[in-house]
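Asks: Predicted model and sequence below, questions to follow.
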Amino acid sequence: MARGPPAASALLLTVGLFVALLAAAMPVAAHADFLRSTPAPFDVWNIDPTYVSVTVSEAVQPGSPTITVTNSTDVRVDTGPTQLSSTDPTTFTVRLLSGIGPSVYTVTWTVVSADDGHFTAGTFYFMIAYRDGTLPGKFPQTGTITQSQPISPVDVALDAGNFVGFAIAFGSTLVAALLWTPVGSTLEGDERKASADGLRALLRFARIGALVFAAPAAGLWAENLIRSPPADLGAAFGSTFLLSTACQAVLGGLMAVLLAHLLARPSLADAFDERAWEFLPALFLGFLVILAEAAASHSASENAWWPLGPVADAIHLYGAALWAGGLLALLRTRRWLREPTPPAFSEGLLRAFSRLALLGVLLVVSAGAVLALILVGSVDGLLGSGYGWVVLAKTTLLVPMVSLGAWNRWRLGREPEEKPTHERVARLSRTVRTEALLGAAILVLAGLLVTMNPAAAPGPQNPTFTLDATAGGLYAIFQMNPWPEGPGDYIFQVVLYYENNGTAYYPGANATLSFLLEGGNGTAVTLPLEGPHGNHYYIDSPVLDAAGTWQLRAEVRGPQGTPVDFAFTVTLHG
Ligand code: HEM
């Protein structure tokens with residue numbers, strides 16, 4: 001029985017993949033999350049802007065961005081189509097009617113990412129004040145910039161189909177090339193014929209897999225073109241995502257053709273053990289698919305981690321296709337592992353697969369950990385986001401899968417001298433079935449994961465963090481700069497208006513800001529604010545020195561010394 005070659009060949013292929021990846025991976029931008037805008041969210045302007053522009057963290061698919069701007073009576077004030085910047089593919093702009101005047105404006109934007117094809121939509125507000133500084137109203141929502149990346153069940157189904165199909169195509173071809181033909185070459189006569197039938201079934205399964213992954217890739221490509229119709233033919237391949245999905249569709253088709261060509265050979269039973277290299281072109285196409293997938297993955301969007309991100313993604317996908325795909329291939333061919341196939345063949349095959357699967361597990365787990373580090377980033381990200389929970393669910397399913405594999409490996413290793421029997425093979429095959437189904441479930445979860453926004457997605461870059469509160473007939477806007485993320489030095493500002501008419505409140509005397517950490521030592525730190533400067537107070541301080549939820553209280557004294565209190569809450573991550 002061939003002991004070393006399968007694992008050794010797979011290792012060689014793996015090394016080849018790394019080299020190809022390092023040469024081919026291209027850096028791309030980050031996720032299509034809101035970064036900044038003009039006017040910035042919660043800005044109060046004294047002049048009329050002539051345009052609104054939004055910058056996101058990822059290149060935008062041409063033709064996809066939209067911005068609409070409405071005033072407080074819901075009248076649209078934007079004019080003309082939204083334009084993508086010709087110099088910066090992450091910025092898009094819409095012009096405004098001239099002289100739009102004082103109001104609270106709502107900006108709604110939508111965009112499709114050129115890197116991963118995902119749709120993002122968001123809303124924010126800005127205000128134009130009256131010339132005397134009076135506010136025309138209040139912000140409808142404060143503190144956050146709303147942003148959503150809805151999960152489309154169609155996309156989840158297409159991505160899951162793509163991964164399951166690829167695992168079947170690649171895993172079955174690998175099992176055929178590295179296991180079935182070398183182990184089958186030990187057989188003679190009718191037994192060899194039976195194993196050739198199994199090989200045929202394996203190749204047919206691989207061909208179905210190739211078509212199953214090509215069709216969803218074509219579907220994802222078409223879906224994105226329908227969402228944002230291209231201006232010309234070039235634009236249909238004009239983004240990393242469109243190019244990747246189109247390539248996968250074509251490569252899947254080619255793989256199916258190559259496999260059909262192999263199946264058409266009459267000498268499948270006689271010659272393949274000597275000519276296992278004939279599988280190489282189909283495997284090579286599989287490697288190209290892995291490159292195309294990795295180039296348009298979330299991790300490829302992480303510039304800070306490039307090229308580690310796409311390399312880890314490719315290794316993860318390779319390991320997953322090798323392991324889960326190999327298990328699905330064994331599941332499909334289990335009929336040829338039973339009688340009349342000699343148990344020595346079946347057990348030899350399972351033994352060789354066990355070595356290959358060990359390599360797959362090592363690759364999946366190590367690269368999966370790197371991906372989790374890049375895309376989840378923190379324990380908060382893991383436990384505090386839907387994305388983190390899907391990663392946890394995948395890891396949880398992995399435990400029984402690895403345990404079953406280890407159990408099988410242990411049984412195969414413990415009884416090497418025992419004569420293989422059909423009963424022993426049947427026992428091993430039953431475990432393979434459970435493992436394969438778990439693998440398929442993890443692949444479906446991967447389909448869900450890639451449609452979600454990674455937990456480590458960047459926060460807004462420069463907008464001012466704004467909260468507001470009303471008390472004692474006053475309206476206070478509280479701002480922090482930079483955007484509160486972790487402990488550090490911040491500028492805190494409080495601007496006061498009369499609540500009933502929005503005009504600036506000037507009679508305020510001195511003011512203080514106190515800070516109390518929930519679950520801390522229970523002592524609030526109170527700092528005097530600089531001011532008043534008109535209706536404005538501020539302080540620059542490193543007082544927020546720990547992660548957690550901080551209760552802030554601004555106390556402003558009126559002309560008669562009567563205090564008015566405003567409460568705000570700010571959460572800092574570690
Ligand atoms: C230690 C356990 C695992 C962890 C922590 C993990 C984590 C991840 C992460 C973070 C991603 C990136 C998703 C994205 O692009 O947003 C991913 C992708 C993926 N995972 Fe896993 N995973 C694990 C196990 C598995 C297993 C066992 C399989 C298959 C049987 C699998 C199959 C996939 C596939 C097919 C992808 C998509 C790759 C691509 O888009 O190119 N994962 N995984």
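Replies: Right, received. Where do you want to start?

Asks: For Tyr475, which three-state class applies?
Replies: State at Tyr475, reduced to three classes by DSSP: H, G, I helix; E, B strand; the rest coil: strand.

Asks: likewise Pro41?
Replies: coil.

Asks: Give me the local confidence score for it.
Replies: If you check Pro41, the pLDDT there is 83.

Asks: where does it fall, phi/psi-wise?
Replies: Main-chain torsions, Pro41, degrees, to the nearest 10: phi -50, psi 140.

Asks: which one is it nearest to, not counting chain neighbours?
Replies: Once flanking residues are discounted, Pro41 sits nearest to Phe124: 3.7 Å by CB to CB, 6 or more residues apart in numbering. Yep, even glycine has a C-beta here, placed from its N, CA and C like the rest.

Asks: likewise Ile151?
Replies: Nearest to Ile151 is Thr451, by CB to CB, 6+ apart, at 5.3 Å.

Asks: quick one: the one you found from the ligand, how far?
Replies: 8 Å (CB to the nearest ligand atom, to the nearest Å).

Asks: For beta bridges, what are the partners of the residue nearest to Pro41?
Replies: Val107 (DSSP bridges).

Asks: Could you do Leu513 as well?
Replies: Beta-bridge pairing of Leu513 under DSSP bridges involves Leu527, Ala554.

Asks: sorry, back to before: tell me the secondary structure at the residue nearest to Ile151.
Replies: coil.

Asks: residues touching it, list them.
Replies: Residues near Thr451 by CB atoms under 8 Å, 6 or more residues apart in numbering: His118, Ile151, Ser152, Asp155, Val156, Asp159.

Asks: Next, the fourth one: secondary structure please.
Replies: Yep, that's Asp155 we're talking about. Assignment for Asp155 (three-state DSSP): helix.

Asks: And for the second one?
Replies: Classification of Ile151 using three-state DSSP returns coil.

Asks: Looks like it contacts Leu448 (just checking).
Replies: Yes - using CB atoms under 8 Å, Ile151 is in contact with Leu448, at 7.4 Å.

Asks: Those two: who's more crowded?
Replies: Between Ile151 and Leu448, counted using other CB atoms under 10 Å, Leu448 has the larger neighbour count: 20 against 15.

Asks: Give me the pLDDT for the closest residue in space to that one that isn't next to it in sequence.
Replies: Take Leu448 and drop its neighbours on the chain: the residue closest to it by CB to CB, 6+ apart is Val156, 5.1 Å away. With respect to pLDDT, Val156 scores 94.

Asks: I'd guessed Val156 sits against Leu449; true?
Replies: No - applying CB under 8 Å, one finds Val156 not in contact with Leu449, separated by 9.3 Å.

Asks: more neighbours, those two?
Replies: Counted by other CB under 10 Å, Val156 and Leu449 do not tie: Leu449 has more neighbours, with 23 against 18.

Asks: Report the contact partners of that one.
Replies: Contacts of Leu449 (CB under 8 Å, 6+ apart): Tyr387, Val390, Val391, Lys394.

Asks: May I see the residues you listed organised as TSV, with pLDDT added?
Replies: Shown next, in TSV, are these (pLDDT from 0 to 100):
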residue	pLDDT
Tyr387	92
Val390	96
Val391	97
Lys394	96
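
Asks: follow-up on the earlier one: next one: the residue nearest to Ile151, what pLDDT does it get?
Replies: With respect to pLDDT, Thr451 has a value of 90.

Asks: what do you get for the one 10 residues further on?
Replies: Per-residue pLDDT puts Gln461 at 60.

Asks: How about Ser301?
Replies: Ser301 carries a pLDDT value of 78.

Asks: count of neighbours near the residue nearest to Pro41?
Replies: Phe124: 26 neighbours (other CB under 10 Å).

Asks: any idea of the pLDDT on it?
Replies: Looking at Phe124, its pLDDT stands at 89.

Asks: Would you mind naming what in this structure lies close to the ligand?
Replies: The chain comes close to the ligand at residues 163, 293-294, 297-299, 313, 316-317, 320, 324, 364-365, 368-369, 371-372, 375, 391, 394-395, 398, 439, 442-443, 446, 449-450, 454, as judged by CB under 6 Å from any ligand atom.
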